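Engineer: Sequence first, then the predicted structure, then my questions.
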Amino acid sequence: MHKTPKLTSYLMYVRSLRLKTNFPLDMIGAMDETPVWLDMEADTTLDFIGKKSNSLKTTGHERSRVTVVLAAKAEGTKLPPFIVFNGKRRDKGMD
């Protein structure tokens, strides 16, 4: 399925709305989120040749992950990354 005509149509629609309403580019943004593993185990280890076993130190968070949100404004400004941790909020004063 080719999405180029649909995307072009959408961009032209947004541009016409922006020009019609005189909306500034710094008030338009785009964002995306992606999961990131907290502790990624390596596929290989380095040690002396002939050694029988290798012990690996881990943080215990091999299955833990966070969500990283990246955003930018239409005029080119990149916003700081936003990290979302799973779990309960400890500081109730931040609500």
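Structural biologist: Good, I have the coordinates.

Engineer: isn't residue 66 right up against residue 36?
Structural biologist: Yes - using C-beta atoms under 8 Å, residue 66 is in contact with residue 36, at 5.6 Å. The way it works is simple: take the backbone N, C-alpha and C, and place the C-beta from them, glycine included.

Engineer: Determine how far the last residue of stretch 20-30 lies from the first.
Structural biologist: Taking C-alpha to C-alpha, to the nearest Å as the measure, stretch 20-30 stretches 20 Å from start to finish.

Engineer: got the residue ranges for the helices in this structure?
Structural biologist: Along the chain, counting by DSSP state H, helices occupy 4-21.

Engineer: And the strands in it, which stretches?
Structural biologist: Ranges of strands within the chain are 29-37, 65-73, 82-85, based on DSSP state E.

Engineer: Kindly export the shortest one (C-alpha atoms) in PDB.
Structural biologist: Which is strand 82-85. Extracted in PDB, the C-alpha atoms of strand 82-85 (Å, rounded to 0.1, in the frame of the first residue of the first chain):
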ATOM      1  CA  PHE A  82      10.600  12.900  28.200                       C
ATOM      2  CA  ILE A  83      11.100   9.600  30.000                       C
ATOM      3  CA  VAL A  84       8.100   7.700  31.400                       C
ATOM      4  CA  PHE A  85       8.800   5.100  34.100                       C
END
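
Engineer: residues making contact with it?
Structural biologist: 33, 66, 67, 68, 69, 71 (C-beta atoms under 8 Å, 6 or more residues apart in numbering).

Engineer: Mind listing the strands that strand pairs with, and their directions?
Structural biologist: Partners of strand 82-85 in the sheet, by DSSP bridges, are strand 65-73 (antiparallel).

Engineer: which residues touch the residue found closest to residue 77 once you drop the neighbours it is linked to in the chain?
Structural biologist: The shortest distance from residue 77 to any non-neighbouring residue, by C-beta to C-beta, 6 or more residues apart in numbering, is to residue 26 (6.8 Å). Applying C-beta under 8 Å, 6+ apart to residue 26 gives the contacts 73, 74, 75, 77.
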